[in-house]
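Chemist: sequence first, predicted coordinates after that:
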Amino acid sequence: MPIRLAVLLSGSGTTLQNIIDRIDRGELDATVAGVISSRAAVFGLERAKKHGIPTAEVVRKEYASHEAFNTALWTEIRGLSPDLVVLAGFMSLIDVPADFQNRIINVHPALIPAFCGHGMYGHHVHEEVLRYGAKVSGATVHFVDTEYDHGPIVLQGTVPVLDDDTPDTLAERVQALERELYPQAIQLFAQGRLRVAGRRVFVH
Ligand code: GAR
């Protein structure tokens, strides 16, 4: 049985598209039960609709508090009965109810714990990596806890930082890696091959 994914996003949805493509190609034993956006009218929602995937908007700025937003968000998520919640460029902090511990997954475009945390997303990350002068960067897939970019690490991969890199060229290299690493991690979850012990995730 394919596992049910709830995909949460706030933007263009290239991460969602990659997941849809992998499922279509038979590389991922999963189905996207629904897509939820924390911003109104983003392109990620159009991608979902084009594939007949149910969508919902829970717009962060329409809620006065983190608590009110998360109550509405989790009502939508639970309505999808997901096995796994997949963050795909989701730019709001999500609560982690006890029954969803190690059942929410995220990809970050750097090697956590470097170049991560609040405000470190998308291009900001690659700009900081270049400014710092790091020689490698990469992507990190991790389970989500209540701090930004902090939960147990599932998979990491590296890419070189080249002398003539710009934030754009580095982003392209990291995103190509993300497109491999994220579905791979989701597939390991689908196959029941991940075991979490404290901060460590074992693949077997
Ligand atoms: C991805 O590159 C992902 O690594 C990053 O946002 C992008 C989403 O692109 N996530 C973070 O920075 C999380 N801290 P998308 O909206 O086109 O899928």
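Modeler: Nice, I can see it.

Chemist: quick one, helices of the protein?
Modeler: Along the chain, counting by DSSP state H, helices occupy 14-24, 43-50, 66-79, 123-132, 167-190.

Chemist: can I get those helices in CSV including distance to the ligand, mean neighbour count and mean pLDDT?
Modeler: For glycine as for every other residue, the C-beta is placed from the backbone atoms N, C-alpha and C. Output for the helices of the chain, formatted as CSV (distance: least, CB to the nearest ligand atom, whole Å; neighbours: other CB atoms under 10 Å; pLDDT from 0 to 100):
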stretch, distance to the ligand, mean neighbour count, mean pLDDT
helix 14-24, 3, 19, 98
helix 43-50, 6, 18, 98
helix 66-79, 17, 16, 98
helix 123-132, 6, 17, 98
helix 167-190, 6, 19, 98
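
Chemist: could the ones you listed go into CSV alongside distance to residue 99?
Modeler: As requested, the helices of the chain are arranged in CSV below (distance: least, CB to CB, whole Å):
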stretch, distance to residue 99
helix 14-24, 23
helix 43-50, 25
helix 66-79, 10
helix 123-132, 31
helix 167-190, 16
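
Chemist: out of those helices, nearest to residue 6?
Modeler: helix 66-79 (5.1 Å; CB to CB).

Chemist: which residues touch residue 193?
Modeler: Counting by CB atoms under 8 Å, 6 or more residues apart in numbering, residue 193 touches 203-204.

Chemist: try it again with 10 Å
Modeler: 187, 202-204 (CB atoms under 10 Å, 6 or more residues apart in numbering).

Chemist: residue in this structure nearest to the ligand?
Modeler: Residue nearest to the ligand within the chain: residue 89 (2.6 Å; CB to the nearest ligand atom).

Chemist: wait, that residue touches residue 44, no?
Modeler: Yes: with contacts counted by CB atoms under 10 Å, residue 89 reaches residue 44, the gap being 7.3 Å.

Chemist: who touches both of those two?
Modeler: The contact sets of residue 89 and residue 44 overlap at 7-16, 37 (CB under 10 Å, 6+ apart).

Chemist: so which of the residues you listed sit within strands?
Modeler: In this view, those that belong to strands under DSSP state E are 7-9, 37.

Chemist: my read: residue 22 touches residue 190, true?
Modeler: No: using CB under 10 Å as the test, residue 22 is too far from residue 190 to be in contact (11.2 Å).

Chemist: overlap in contacts of these two?
Modeler: Common contacts of residue 22 and residue 190 (CB under 10 Å, 6+ apart): 28, 30, 183.

Chemist: what's the closest non-adjacent residue to the first one?
Modeler: So that's residue 28. Distances taken as CB to CB, 6 or more residues apart in numbering put residue 22 closest to residue 28, at 4.3 Å, once the chain neighbours are dropped.

Chemist: can you pull the contacts of that neighbour?
Modeler: Going by CB under 10 Å, 6+ apart, residue 22 touches 28, 30, 179-180, 182-184, 186-187.
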